[in-house]
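Novice: Curious how this folds, go ahead:
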Amino acid sequence: MSDLFASPQDESDYEDGGSRPLADQLRPRSLDEVIGQAHLLGPDGSLSRMLASGRLGSLILWGPPGTGKTTVARLLADRIDYRFEQISAVFSGVADLKKAFERARFERRSGRSTLLFVDEIHRFNRAQQDGFLPVMEDGTVVLVGATTENPSFELNAALMSRSQVLRFQSLAIEDLDQLARRAEELTGAQLPLELEARQTLLTLADGDGRALLGLVEEVLASVREGEVLDAPGLLSVVQRRAPIYDKAQDGHYNLISALHKTVRGSDPDAALYYFARMLDAGEDPLFIARRLIRMAVEDIGLADPQALPQAVAARDAYQMLGSPEGELALAQAVVYLASAPKSNAVYTAFKGAMSVAKSSGSPTPPFVILNAPTKLMKSEGYGEGYIYDHDTPEGFSGQEYFPEAIGRQDFYKPVERGFERELRKRLDYFDRLRASKREGTED
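Specialist: Down below sits the predicted model:
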């Protein structure tokens, strides 16, 4: 496996550049030294194929922080001998873009192409994003944008259609370990960590190479001579990196989707894991509570009629107790819902009924079930022939209640799981009674 950052020449590199962050000193010097993105830069990777063809189109590099997006953009320009220009959407406006485009046009007249790297490109508004289109189309620049946000949500369709999206992945533990060894080689110092503590350090980086090197620097600067830290000792020295989670963006939606699907998939252990991930990242527990209530009615329904009361009670318990005590009530609801028998029969029936209601107009219900509070309505036949169900031996009249214009519908189909198995028997019984009463009436 190749290296994420450059191999140090010797320890003097570190001594001479001691004021420079490790991430800067270990920056890769060629694409061959980049680690962790083999699906892009390996022999069969997308970028490797693109470079082999001799053609580089505009790109959107999408992925978490510290995975090499900026470095790869710079090295791409070096590989194809393009002038590299970098701007940040956080600090740049329309005037800065115009100046960058003018410089690119000037260089193009001199025979040199420009790779324009735009960091945090999703921060530009729609109109600013449209400003890239003419210079992309006429070849003034090859645009390479970097974003941590899902480009399908954040970038114009026109910009997306002119670019290829490349997904950068978080660095694996083995990649981070190799990076830590490169840092040790450069500094000439072994990390004073027990094996478990070293694994904890790698985990704390959360797939971010730049964050790992910051943690390495923190450890080397903080530990006394001769001291070797265990895992708890490490956590007392370094600042824990916050999990990647933006409550308005991908992290939020990815984890709530994972929680919902693991509950639906009857895996309480996985559901608890994603529930804990969301709490750890700072998600509002009441948002989770609302989603649990939704899961109870969408995915469990009447297969377990206690699922909804459990979810509602967990929300109420959290509101009463607050955090962290109330979180246990939510955890109990997560386990209960994941363990419950599943049915979406009510959910499906409701969607079917809504579809018919929207498409069938406003047919009048059968007169037999309409009240007749006035003489005129009674003379028109309102309520005539209605059978009071409690007056029948079975407590069931079997009368037809759907409007004649649409006829009888069959929306609710209980599954053979949990309590709905009993409901299926009950509804089958009513169907048989309805049929026999209809036959008796016809006779």
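Novice: Please work out which residues outside stretch 354-366 touch it.
Specialist: 370, 399, 400, 401, 402, 403, 404, 405, 406, 409, 411 (C-beta atoms under 8 Å, 6 or more residues apart in numbering). C-beta: built from backbone N, CA, C; applies to glycine.
Novice: got these as JSON lines, with pLDDT and distance to residue 138 columns?
Specialist: Output for the contacts of stretch 354-366, formatted as JSON lines (pLDDT from 0 to 100; distance: C-beta to C-beta, whole Å):
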{"residue": "370", "pLDDT": "89", "distance to residue 138": "71"}
{"residue": "399", "pLDDT": "91", "distance to residue 138": "74"}
{"residue": "400", "pLDDT": "90", "distance to residue 138": "70"}
{"residue": "401", "pLDDT": "89", "distance to residue 138": "68"}
{"residue": "402", "pLDDT": "91", "distance to residue 138": "64"}
{"residue": "403", "pLDDT": "91", "distance to residue 138": "63"}
{"residue": "404", "pLDDT": "88", "distance to residue 138": "67"}
{"residue": "405", "pLDDT": "88", "distance to residue 138": "62"}
{"residue": "406", "pLDDT": "90", "distance to residue 138": "60"}
{"residue": "409", "pLDDT": "93", "distance to residue 138": "60"}
{"residue": "411", "pLDDT": "94", "distance to residue 138": "58"}
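Novice: Domain parsing of this structure, as residue ranges.
Specialist: Using automatic domain parsing, the domains assigned to the chain come out as 37-167, 250-339, 364-442.
Novice: Buried ones from the contacts of stretch 354-366, can you make that a PyMOL selection?
Specialist: The command below creates a PyMOL selection of those among the contacts of stretch 354-366 that count as buried (16 or more other C-beta atoms under 10 Å):
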select buried, resi 370+399
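Novice: Out of the contacts of stretch 354-366, flag the one nearest to residue 344.
Specialist: Nearest to residue 344 among the contacts of stretch 354-366, counting by C-beta to C-beta, is residue 411 at 12.6 Å.
Novice: The closest one contacts residue 345, correct?
Specialist: No: counting by C-beta atoms under 8 Å, residue 411 stays clear of residue 345, with 9.2 Å between them.
Novice: So which of the domains of the chain is nearest residue 222?
Specialist: The nearest among the domains of the chain, by C-beta to C-beta, is domain 37-167 at 21.1 Å.
Novice: Select, out of the domains of the chain, the one closest to residue 351.
Specialist: Of all those, domain 364-442 comes closest under C-beta to C-beta, at 8.7 Å.
Novice: re earlier: can you convert the domains of the chain into TSV and add a column each for distance to residue 186?
Specialist: Listed next are these as TSV, based on distance: least, C-beta to C-beta, whole Å:
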stretch	distance to residue 186
domain 37-167	17
domain 250-339	32
domain 364-442	60
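Novice: wait, which of those domains is closest to residue 200?
Specialist: The nearest among those, by C-beta to C-beta, is domain 250-339 at 15.3 Å.
Novice: what mean pLDDT does that closest one have?
Specialist: Domain 250-339 shows a mean pLDDT of 93.
Novice: Then stretch 230-246?
Specialist: On average, stretch 230-246 scores 72.
Novice: what do you get for stretch 436-443?
Specialist: 70.
Novice: Could you pull out the strands in this structure for me?
Specialist: 59-62, 83-88, 114-119, 141-147, 164-167 (DSSP state E).
Novice: Any chance of CSV for these, columns mean pLDDT and mean neighbour count?
Specialist: Below are the strands of the chain laid out as CSV (pLDDT from 0 to 100; neighbours: other C-beta atoms under 10 Å):
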stretch, mean pLDDT, mean neighbour count
strand 59-62, 94, 26
strand 83-88, 92, 16
strand 114-119, 94, 24
strand 141-147, 93, 25
strand 164-167, 92, 16
